[in-house]
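Participant: need a structure here:
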Amino acid sequence: MSLKKDIDKLSDKALENSGVYRKYSDMDLANAMLIFMEVFMAKMHDRNDELKFTKKERLELAELSGKKFRETIKLFTGVDMHDVFKK
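Facilitator: The predicted structure is shown next:
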């Protein structure tokens, strides 16, 4: 099942409301992160195919990207995704 149409609709809606402050919950951030990670990991998979990475290299990169993304979210928002998903 493709999420492309839904992602297109969400991005259009976000652009329509650009510049308008909205209050989002930690779960809203987590949901947005999951959508981003779905697309990001698919793009990373394509790139790994192009570079002919081994399964081990792919797993290491996937783990590193998740760790760095989690650290970035926590650094700039104070939200730890591990805590959000524990709830």
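Participant: Can you pull out the low-pLDDT segments for this protein?
Facilitator: For the chain, the stretches flagged by pLDDT under 70 are 1.
Participant: Determine the next helix or strand in the C-terminal direction from the helix ranked longest in it.
Facilitator: When the chain is parsed with DSSP state H, its longest helix is helix 26-50. Remark: after helix 26-50, the chain's next helix or strand is helix 55-77, criterion DSSP states H and E.
Participant: which other helices and strands contact that following helix?
Facilitator: Judged by 3 or more C-beta pairs under 8 Å, 6 or more residues apart in numbering; DSSP states H and E, the packing partners of helix 55-77 are helix 26-50, helix 81-86. (Glycine included, C-beta is placed from N, CA and C.)
Participant: how about the ones you listed in a markdown table, adding mean neighbour count?
Facilitator: What follows is those, written out as a markdown table (neighbours: other C-beta atoms under 10 Å):
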| stretch | mean neighbour count |
| --- | --- |
| helix 26-50 | 13 |
| helix 81-86 | 12 |
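Participant: and the ones you listed as JSON lines, adding distance to D6?
Facilitator: What follows is the helices and strands packed on helix 55-77, written out as JSON lines (distance: least, C-beta to C-beta, whole Å):
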{"stretch": "helix 26-50", "distance to D6": "9"}
{"stretch": "helix 81-86", "distance to D6": "21"}
